[in-house]
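Engineer: got a sequence here, can you model it:
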Amino acid sequence: MHSHVVVLGGGPGGYAAAFLAADLGMETTLVEADPRLGGTCLLRGCIPSKALLHVARVIEEAHEMTDWGVEFSKPKINIDAVRARKEKVISTLSGGLKQLAKQRKVRVVNARGVFENSTTLRLEGGEIATGADNKLTFDYCVVATGSSPAKIPAFDLGTDRVMDSTGALELKDCPESLLVVGGGYIGLEMGTVYANLGAKVSVVELLPGLLPGADRDLVKPLHARLDKLFAGIHLQTKVAGLTDKKDYIEVTFEGPDGAKRTENFSRVLVSIGRKPNSQGFGLDRTKVEIDPKGFVKVDKQLRTADPHIFAIGDVAGEPMLAHKASHEGRTAVEVIHGDDAAQFDALAIPAVVFTDPEIAWAGLTEDQAKKQGREVEIARYPWAASGRAQALGRTEGMTKILVDPETERVLGVGIVGIGAGDLISEAVLAIEMGATVDDVARTIHPHPTLSETVAFASEVFHGTATEIYKPRRDRHEK
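Structural biologist: Numbers count the residues shown, from 1 in each chain. Presented below is the predicted three-dimensional model:
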């Protein structure tokens, strides 16, 4: 077989690239080892986790309604039915991708692709019959192989009581107790799910705070809420060892003072990050270069050092986000199609942590500004001043804007609160379009909504916010 464009990997970046290539009239083949399209995001990540987080949120809302004088009986959870509904969501979306590929005349090959050289893939397994012609040549290949959960060899005890994120999403049961190793977004999201389903969840993090790298202003309200939801949050604490006791996992903790103690858990979720899938499929037989962290080196057009090969998504560098992969995939295809001006140069790539409350940010963060020695002015709008937040009984949120003191352009926005992930897109647009804080403030937002807090935070900058008193400053005062 030969194809003008081959996409290796059927995740959000891969199928976005393949579909656009076909739309632009190029002969396109999509090679995916899994029988279903969608990649980690759809099959083992973003979508199933958000489906389960929805269940968790409904349970939590039922508890919150007691403050309004409305009481529900204790939820009866049929774990098999929850799991089945999650799988239905996955199969519906994956089936839709298969149909879209067929409509676009994208050839989908269920096989594992291994590079033999810069223009040839050897196809293994899947639907490829033994002895069949298993070579696929191409003019261009877009590598979209994604990433996998990082592992700690010493924690591999050969028991399903020790899980990674994939195992946690299988939802085999709701354990009596669960330890989440790692205070990153995946661990906190899954911890939220299991806690609301009834497990006693504890989190252990080696660093001084949850969500390392995230803005501390945003993390603080989340930490306060998780303190009530989780059985324990252990910071600056190391997991010194796991022991399989058959009916439970014995965990040895080592605190910041070096003191050790043990505790028993029904299950342990190891969530310490992800690593790029750049090994084991023949890239060493091409001119592609890989950096010390395992990422494929690319330029702004997603070109690798091999003129026939592009790379996108998790395998091509951080941040490891599905929406970044999709945009990179489309950019790579535009370049292949002949658009020499096309390049991936986003000023703001939004990040969202789908905990409760959600955390979202885009553009420059306060920590980044400090590290860069960059002067910024910061305006914060507490959601306690928001009528909609008060009506919802969720006043712990905050909207924060970072502004360039000279130009008054919006450089970054952070939001913590329910629905923060849906609110951040306005901030992304403002940053990309070079909007000033005054542009945002003068844009009429509907009342009463949480989206108003973005405009109100902009008004705080000038001291003109109706609900927040701050001495007024001249709009052009530096």
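Engineer: these two touch, right, residue 458 and residue 379?
Structural biologist: Yes. The pair residue 458 and residue 379 qualifies as a contact (C-beta atoms under 8 Å) at a distance of 6.9 Å. (C-beta placed from N, C-alpha, C; glycine too.)
Engineer: all helices for this structure, in order.
Structural biologist: 12-23, 39-44, 46-64, 79-103, 165-170, 185-197, 216-229, 322-336, 366-372, 387-392, 420-432, 437-442, 452-462 (DSSP state H).
Engineer: mean pLDDT added to these, as a markdown table?
Structural biologist: Output for those, formatted as a markdown table (pLDDT from 0 to 100):
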| stretch | mean pLDDT |
| --- | --- |
| helix 12-23 | 97 |
| helix 39-44 | 94 |
| helix 46-64 | 93 |
| helix 79-103 | 96 |
| helix 165-170 | 93 |
| helix 185-197 | 96 |
| helix 216-229 | 96 |
| helix 322-336 | 97 |
| helix 366-372 | 94 |
| helix 387-392 | 95 |
| helix 420-432 | 97 |
| helix 437-442 | 96 |
| helix 452-462 | 94 |
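Engineer: which ones are touching the most centrally placed residue in the chain?
Structural biologist: Central residue of the chain (C-alpha atoms, centre = their mean): residue 321, 5.0 Å from the mean position. For residue 321, the contacting residues are 349, 351, by C-beta atoms under 8 Å, 6 or more residues apart in numbering.
Engineer: for it, give me the pLDDT.
Structural biologist: With respect to pLDDT, residue 321 scores 96.
Engineer: same question for residue 400.
Structural biologist: Note on residue 400: pLDDT of 97.
Engineer: skipping adjacent residues, who's closest to it in space?
Structural biologist: Computed as C-beta to C-beta, 6 or more residues apart in numbering, the closest residue to residue 400 that is not its neighbour in sequence is residue 414, at 4.4 Å.
Engineer: surely the one you found touches residue 364?
Structural biologist: No. Between residue 414 and residue 364 there is no contact under C-beta under 8 Å: 9.8 Å.
Engineer: ok, these two, which is more surrounded?
Structural biologist: Between residue 414 and residue 364, counted using other C-beta atoms under 10 Å, the more crowded position is residue 414 (28 against 22).
Engineer: what is the more buried one paired to in the beta sheet?
Structural biologist: residue 361, residue 400 (DSSP bridges).
Engineer: got the contact list for it?
Structural biologist: Counting by C-beta under 8 Å, 6+ apart, residue 414 touches 215, 217-218, 359-361, 365-366, 399-400.
Engineer: buried subset of those residues, written for PyMOL?
Structural biologist: Applying 16 or more other C-beta atoms under 10 Å to those, the buried members can be selected in PyMOL as follows:
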select buried, resi 215+218+359+360+361+365+366+399+400
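Engineer: hang on, the earlier thing: roughly how far does the residue nearest to the centre of the chain sit from residue 362?
Structural biologist: From residue 321 over to residue 362 the distance is 11 Å, taken as C-beta to C-beta, to the nearest Å.
Engineer: pLDDT value on the residue nearest to residue 397 when sequence neighbours are not counted, please?
Structural biologist: In this structure, residue 397 finds its nearest non-sequential neighbour in residue 417, 2.4 Å apart by C-beta to C-beta, 6+ apart. pLDDT, residue 417: 97.
Engineer: show me what the closest residue to residue 315 other than its chain neighbours is bridged to.
Structural biologist: Spatially, and ignoring its direct neighbours in sequence, residue 315 is nearest to residue 276 (4.5 Å; C-beta to C-beta, 6+ apart). Per DSSP bridges, the residues bridged to residue 276 are residue 147.
Engineer: in contact with residue 276, which residues?
Structural biologist: 145-147, 293-296, 314-316.
Engineer: out of the residues you listed, which is nearest to residue 469?
Structural biologist: Among the contacts of residue 276, residue 314 lies closest to residue 469 (C-beta to C-beta), at 46.0 Å.
Engineer: can I assume that closest one is in contact with residue 277?
Structural biologist: Yes. Between residue 314 and residue 277 there is a contact under C-beta under 8 Å: 7.4 Å.
Engineer: identify the contacts common to the two.
Structural biologist: In terms of C-beta under 8 Å, 6+ apart, residue 314 and residue 277 are both contacted by the residues 146-147.
Engineer: please parse this structure into its domains.
Structural biologist: The chain is divided into the following domains under automatic domain parsing: 2-149+275-336, 153-272, 351-462.
Engineer: let's have those in TSV, adding distance to residue 344.
Structural biologist: Below are the domains of the chain laid out as TSV (distance: least, C-beta to C-beta, whole Å):
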stretch	distance to residue 344
domain 2-149+275-336	5
domain 153-272	22
domain 351-462	13
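Engineer: and of the ones you listed, who's closest to residue 468?
Structural biologist: Per C-beta to C-beta, nearest to residue 468 of the domains of the chain: domain 351-462, 5.5 Å.
Engineer: can you give the distance of the closest one from its chain's centre?
Structural biologist: 20 Å (C-alpha atoms, centre = their mean, to the nearest Å).
Engineer: pull up the distance across it, start to finish.
Structural biologist: 27 Å (C-alpha to C-alpha, to the nearest Å).
Engineer: could you do stretch 399-408 as well?
Structural biologist: Stretch 399-408: ends 17 Å apart by C-alpha to C-alpha.
Engineer: residues of it that come out buried?
Structural biologist: 399-404, 408.
Engineer: then stretch 372-388?
Structural biologist: 376, 378-379, 381-383, 385-386, 388.
Engineer: which parts of the stretch 251-400 of the chain are strands?
Structural biologist: 260-265, 267-270, 274-276, 309-311, 351-353, 358-363, 377-382, 398-403 (DSSP state E, counting those that start in this stretch).
Engineer: who does the second one pair up with?
Structural biologist: Think strand 267-270. Using DSSP bridges, strand 267-270 pairs in its sheet with strand 162-163 (parallel), strand 177-181 (parallel).
Engineer: show me the contact partners of the longest one.
Structural biologist: Applying C-beta under 8 Å, 6+ apart, the contact partners of strand 177-181 are 155, 187-188, 190-191, 194, 199-204, 231, 239, 249, 251, 263-272.
Engineer: chain center to that strand: distance?
Structural biologist: Once both centres are worked out by C-alpha atoms, centre = their mean, strand 177-181 turns out to sit 20 Å from its chain's centre.
Engineer: how big is the angle separating that strand from helix 185-197?
Structural biologist: Interaxial angle, strand 177-181 versus helix 185-197 (axes from the mean of the first three to the mean of the last three C-alpha atoms, to 10 degrees): 170 degrees.
Engineer: for strand 177-181, give the mean pLDDT please.
Structural biologist: Rounded mean pLDDT across strand 177-181 is 97.
Engineer: tell me which residues of that strand are tucked away?
Structural biologist: Using 16+ other C-beta under 10 Å as the test for burial, strand 177-181 gives 177-181.
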